[in-house]
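Student: Sharing a model prediction with you, sequence too.
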Amino acid sequence: MKKIAVYCGASTGNDPVYRQAAVDLGNFLVAHDLSLVYGGGGVGLMGVLARQVLDQGGQVDGVMPQELVDRGAAFDQLTNLTVVADMSTRKQTMLAMADGCIALPGGPGTLEEIIEAFSWARLGDNDNPCAFYNVAHYYDPLATMFDVMTTNEFLTKTDRKKLLFSDNLAQILTFMQTYTPPKIRTYPTKHTKASGL
């Protein structure tokens, strides 16, 4: 494991604990010789995280769509910035570059990216482990929603265990180091009656 993709907010939120979590994660990545792969921005938790990794001597790879670069969103001190055509390509590129995915607190974009990464894992299109850094119980409601999915059999118990919610970075790293991807989903043949699906 060499590179971790981190999804996080372009704002810092309204509690200093979120900023501190980004600092802690940056320190943790460098201490464990892990490079950061992220969206390439210099504001919000994205900027806090990238600066911390760089300040501690770590490597930071940003991936950003051209339209955001044109708006001046790119952080200009990165180790490397990869400019791509659009957001879909950014997500694919980040997954290809990284060996694991972590979500810090963030908004709809953060949520969409980490959930898509987990969804792709179940389809066999992403081998990276996915974890939510559950700072100050931020993601508790989402963890509950995944449990509800499992209870109602929209998500298997086995696959539910493939997604971690934790406020402990050491636990997250252990989860990633011991992770095996979900079994690729299979589907009934087209001849199966709908009532048996």
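Tutor: Perfect, thanks for sending it. Residues are numbered from 1 along each chain as shown.
Student: buried residues in stretch 62-72?
Tutor: 62-65, 68 (16 or more other Cβ atoms under 10 Å). Quick note: C-beta positions are derived from backbone N, CA and C, even for glycine.
Student: in this protein, what spans have low per-residue confidence?
Tutor: Low-confidence segments of the chain (pLDDT under 70): 190-197.
Student: all helices for it, in order.
Tutor: With DSSP state H, the ranges of helices along the chain come out as 16-31, 44-55, 66-70, 87-97, 108-123, 140-151, 157-160, 169-177.
Student: Let's see the second one as PDB, backbone CA atoms only.
Tutor: Translated: helix 44-55. Extracted in PDB, the C-alpha atoms of helix 44-55 (Å, rounded to 0.1, in the frame of the first residue of the first chain):
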ATOM      1  CA  GLY A  44     -11.400  23.700   2.900                       C
ATOM      2  CA  LEU A  45     -10.300  20.400   4.400                       C
ATOM      3  CA  MET A  46      -8.800  19.600   1.000                       C
ATOM      4  CA  GLY A  47      -6.300  22.400   1.400                       C
ATOM      5  CA  VAL A  48      -5.600  21.700   5.100                       C
ATOM      6  CA  LEU A  49      -4.900  18.000   4.300                       C
ATOM      7  CA  ALA A  50      -2.600  18.700   1.300                       C
ATOM      8  CA  ARG A  51      -0.600  21.400   3.100                       C
ATOM      9  CA  GLN A  52      -0.100  19.200   6.100                       C
ATOM     10  CA  VAL A  53       1.200  16.300   4.000                       C
ATOM     11  CA  LEU A  54       3.500  18.600   2.100                       C
ATOM     12  CA  ASP A  55       4.700  20.400   5.300                       C
END
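Student: which residues sit against it?
Tutor: 6, 8-13, 18-19, 21-23, 25-27, 29-30, 36, 38-42, 59-60, 62, 75, 77-79, 104-106 (Cβ atoms under 8 Å, 6 or more residues apart in numbering).
Student: Quick one: residues contacting Met94.
Tutor: Contacts here follow Cβ under 8 Å, 6+ apart; on that basis Met94 touches 5, 37-39, 63, 113.
Student: Closest to Pro181 out of those?
Tutor: When the contacts of Met94 are ranked by distance to Pro181 (Cβ to Cβ), Ala5 comes first, at 15.5 Å.
Student: okay but the closest one is in contact with Tyr38, surely?
Tutor: Yes: the criterion here is Cβ atoms under 8 Å, and Ala5 meets it with Tyr38 at 6.8 Å.
Student: Can I get the contacts of Met94 in a markdown table including distance to Asp55?
Tutor: Below are these laid out as a markdown table (distance: Cβ to Cβ, whole Å):
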| residue | distance to Asp55 |
| --- | --- |
| Ala5 | 20 |
| Val37 | 18 |
| Tyr38 | 15 |
| Gly39 | 19 |
| Val63 | 21 |
| Glu113 | 25 |
